[in-house]
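>>> sequence? don't have it. structure:
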């Protein structure tokens, strides 16, 4: 078979282990140099393909590529950019073909979540709809854990571990202070539509911590919530609340969109946590603290799950192997084989069934009152946070995170206006 | 010499290593059982002494006491409670003497920050002013790093490491996203009056990250700040801002004040990050993300500095040794001997010179524009974050944090109304 180059890019919000998938892709491609020539990484995702900004990964040493496993964020830059449909914007697809032809690209690896799976699916149709031979493989990645078919998504295990550990630590803190000071701690976590990340906060109940979750899957009911907080504080002296950024009222309004104002009259800006804290203060008068983890949670490579890191790498590797097997329009997945001991293997899903589908938490993962997780959910979550994959630190006490050279390939085409 | 019991308590905001000081105190007392009988820990700080809620630490196994080194928060409960002066509230001092006499307490170890040093100093005067023989030793602890005389304060090194690493990781994230999404990331950190914690965020400049600090020591100037953000984003594509909760305008107003006050009368802060993000959005239109680390930073035992942990333990141990040497009204300190290699030893300070004195950042630690740290500051900070002292994790992937029995000694006195 002839040798073709590969295109790899990172898309959407990054994670602490997406670079491990990049490492899996690039190392596996290098092992098959008879079939795959160079790996060009898109600078800032698919935009790098459209603008012909292709990073020449052959310029990176084997050691630097290996160190991607220990480095959070997207080493080549990511993007929030969704291709229109072929019918809406044929010009973009023609441009992709032009760039792929100019650089002899026959393999397309796109590393992202649901929106990115849609982009990858569209690229996979270039063969059929426009007669250009390219194999498009989607490498799953999302802290939101909301891709369908796969048992879980790389990036999620590490953020789940970070949130479970951080919520535990902060709850120990509140417990220490509750007698004369803070009685309620509110932690806001990511998850606009699905409550997977907040669910990880529910694991701290196993330490006897009084914790309440506010999940997007469950309509927020002010009075029931306040009663639950009061009960926890009256019975245990304090309470931790883990709220998804996507928690919302019955009418669909996000808690974070309340239009409330602080003491200076500034509009309260985003932030479900301060809103929840303020509702508690108003109703019960408890002293509170709140935190918004935001990017800290998805960038926290310093506390990655070893399971998550292994899976991120394995899925990158599997994507390349599927391409070498002649596959197109496919995504490697994680299939859970057993819980105790936890065993998993690689499966696959057709992109037509993945693109734009969001997987919510199953209702039997959520307790009847809506504020906690069930044993089924615990069984699901614990294996994903198993093991600690620490980065190396230098003698100053800071982590050794690699920054690649990211040299661009010489352009061969005219500029393209996005 | 006769044998006396010891009282130990934790005060003020807890840290990820204050329990290491507790471990140092208790283990050292146990090694001197000829001179020191039991160690009674105050349940919730000095309140435990006033209310005669004394935890019998002899009921805890050597292993559980050793595991305090790996457990964040205050294992015996802390408090925000400041003794009045003897002249204002003689009743409280008489009660303390009554409790100390009832339980044969001759050593008083108080583990806290500036406000707590004041409490400890008042107790140390019981001998002179009320004729009751007690030796009061203050064990320093504060994430704020604002105690005088000591080179640094236990608790600070770990929060500094956590903030430096977290700001670095989130900055890598923003850099990945900046092309089509977030261009500015704002991280709010603790530090009501002194910018030590925010200064640790300045270390990420050594990775080439464009970072601006907003320190309480420097008046906030809107136009200068906005110009600095614009310059960073225009020249490097993105920018990270680390803002102290205590950042304030020239007229003394905090960027964010929630209008509530704690029991020491300090304004309860929180929410500078959303305010700063909003100012940037209004002036420059950049897409932003913000995080508020709050308790996560001071509870993050999962990323403690090994230096900090060693010092927290050593100061607890030294406090007991000073008591055995007959000292009173004193605080063991850290004296820096050299930077490269970093070497330190234990010194001491008189409590009269410690209580209620706050140490701000020296002006030569802050760059001329007010938004960064100098090389002198870097030299000061790096040794404090050296080494990673990880807790152990169980097979589920969660940390093994110890919870003590905390059995109370049988009360001998009437109840006391606080």
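Great, that's in hand. Everything numeric here is computed off the predicted structure, so don't read it as measured data.
>>> for the stretch 51-200 of chain A, which segments are assigned as strands?
Here the stretch 51-200 of chain A has its strands, by DSSP state E, counting those that start in this stretch, at A:54-56, A:105-112, A:135-140, A:184-189.
>>> contacts for the first one?
Contact partners of strand A:54-56, identified using Cβ atoms under 8 Å, 6 or more residues apart in numbering or on different chains, comprise A:7, A:38, A:40-43, A:48, A:76, A:99, A:103, A:404, A:406-409. The C-beta positions use only the backbone N, C-alpha and C, and glycine is treated the same way.
>>> then the longest one?
Taking contacts as Cβ under 8 Å, 6+ apart, the residues outside strand A:105-112 that touch it are A:4-12, A:18, A:21-22, A:25, A:36, A:40, A:45-46, A:78, A:99-100, A:116-117, A:119-120, A:123-124, A:133-142, A:316, A:319-320, A:323.
>>> one step back: now that we have the contacts of strand A:54-56, which of them are buried?
Buried members of those, counted by 16 or more other Cβ atoms under 10 Å in any protein chain shown: A:7, A:38, A:40-43, A:48, A:76, A:99, A:103, A:404, A:406, A:409.
>>> just put the strands of the stretch 51-200 of chain A in TSV and tack on mean neighbour count.
Below are the strands of the stretch 51-200 of chain A laid out as TSV (neighbours: other Cβ atoms under 10 Å in any protein chain shown):
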stretch	mean neighbour count
strand A:54-56	23
strand A:105-112	27
strand A:135-140	28
strand A:184-189	29
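>>> for residue B:178, find the nearest of these.
strand A:54-56 (16.1 Å; Cβ to Cβ).
>>> tell me the mean pLDDT for the closest one?
In this model, strand A:54-56 has a mean pLDDT of 98.
>>> how about stretch A:30-50 against chain B, any contact?
Yes: legend: contact between stretch A:30-50 and chain B by Cβ under 8 Å from any Cβ of the partner chain is shown at A:44-45, A:47.
>>> mean confidence for that stretch?
97.
>>> what comes up buried for it?
Quick answer for stretch A:30-50 (16+ other Cβ under 10 Å): A:30, A:35-50.
>>> spatially nearest residue to residue A:211, not counting backbone neighbours?
Nearest residue to residue A:211, sequence neighbours excluded (Cβ to Cβ, 6 or more residues apart in numbering or on different chains): residue A:240, at 4.6 Å.
>>> if we can go back for a sec, for residue A:221, state which of the residues of stretch A:30-50 next to chain B is nearest.
Set against residue A:221, the nearest of the residues of stretch A:30-50 next to chain B by Cβ to Cβ is residue A:45 (39.7 Å).
>>> packing partners for the worst-scoring helix or strand of chain A on mean pLDDT?
Between all helices and strands in chain A, the lowest mean by mean pLDDT, DSSP states H and E belongs to helix A:126-130, at a mean of 87. Helix A:126-130 is packed against helix A:90-102, with contacts defined by 3 or more Cβ pairs under 8 Å, 6 or more residues apart in numbering or on different chains; DSSP states H and E.
>>> so of the residues of stretch A:30-50 next to chain B, which ones are in helices?
residue A:47 (DSSP state H).
>>> re earlier: distance between the least confident helix or strand of chain A and the chain's centre?
Centroid displacement of helix A:126-130 relative to its chain, using Cα atoms, centre = their mean, to the nearest Å, is 30 Å.
>>> same thing with stretch A:142-154?
Its chain's C-alpha centre and that of stretch A:142-154 lie 8 Å apart, by Cα atoms, centre = their mean.
>>> and it with chain B, contact?
No: against chain B, stretch A:142-154 shows no contacts by Cβ under 8 Å from any Cβ, the least distance being 11.0 Å.
>>> what is the end-to-end distance of that stretch?
6 Å (Cα to Cα, to the nearest Å).
>>> tell me the mean pLDDT for it?
Taken as a whole, stretch A:142-154 carries a mean pLDDT of 97.
>>> same check on stretch A:84-100?
Rounded mean pLDDT across stretch A:84-100 is 93.
>>> what's stretch A:275-283 in contact with?
Stretch A:275-283 is contacted by residues A:184, A:186, A:188, A:214, A:222, A:225-226, A:229, A:241, A:243, A:247, A:255-256, A:258, A:260, A:268, A:286-290, B:260 when judged by Cβ under 8 Å, 6+ apart.
>>> the same query, at a cut-off of 7 Å, please.
A:184, A:186, A:214, A:222, A:226, A:229, A:241, A:243, A:255-256, A:258, A:260, A:268, A:286, A:288, A:290 (Cβ atoms under 7 Å, 6 or more residues apart in numbering or on different chains).
>>> tell me the pLDDT of the nearest residue to residue A:177 once chain neighbours are set aside.
Excluding the flanking residues, the one nearest residue A:177 by Cβ to Cβ, 6+ apart is residue B:78, at 5.8 Å. We have a pLDDT of 97 for residue B:78.
>>> the stretch 51-200 of chain A against chain B: which residues are in contact?
Counting by Cβ under 7 Å from any Cβ of the partner chain, the stretch 51-200 of chain A comes close to chain B at A:72-74, A:77-81, A:161, A:164-166, A:169-170, A:172-177, A:179-181, A:185.
>>> how does it look with 6 Å?
Within the stretch 51-200 of chain A, the positions near chain B by Cβ under 6 Å from any Cβ of the partner chain are A:72-74, A:77-81, A:165-166, A:169-170, A:172-173, A:176-177, A:179-181.
>>> and residue A:404, what is it in contact with?
Residue A:404 sits next to A:60, A:64, A:75 when contact means Cβ atoms under 6 Å, 6 or more residues apart in numbering or on different chains.
>>> domains of chain A?
Following automatic domain parsing, chain A resolves into domains at A:4-142+A:304-357, A:156-299.
>>> who wins for proximity to residue B:349 among the ones you listed?
Each of those has some distance to residue B:349 by Cβ to Cβ; the shortest is domain A:156-299, at 25.8 Å.
>>> now the end-to-end length of that closest one.
Termini of domain A:156-299 sit 11 Å apart (Cα to Cα).
>>> hmm, back to that, who are the contact partners of the residue nearest to residue A:211?
By Cβ under 6 Å, 6+ apart, the contact set of residue A:240 is A:171, A:185, A:209, A:211.
>>> thought the last one was touching residue A:205?
Yes: under the criterion of Cβ atoms under 6 Å, residue A:211 lies in contact with residue A:205, with a separation of 5.4 Å.
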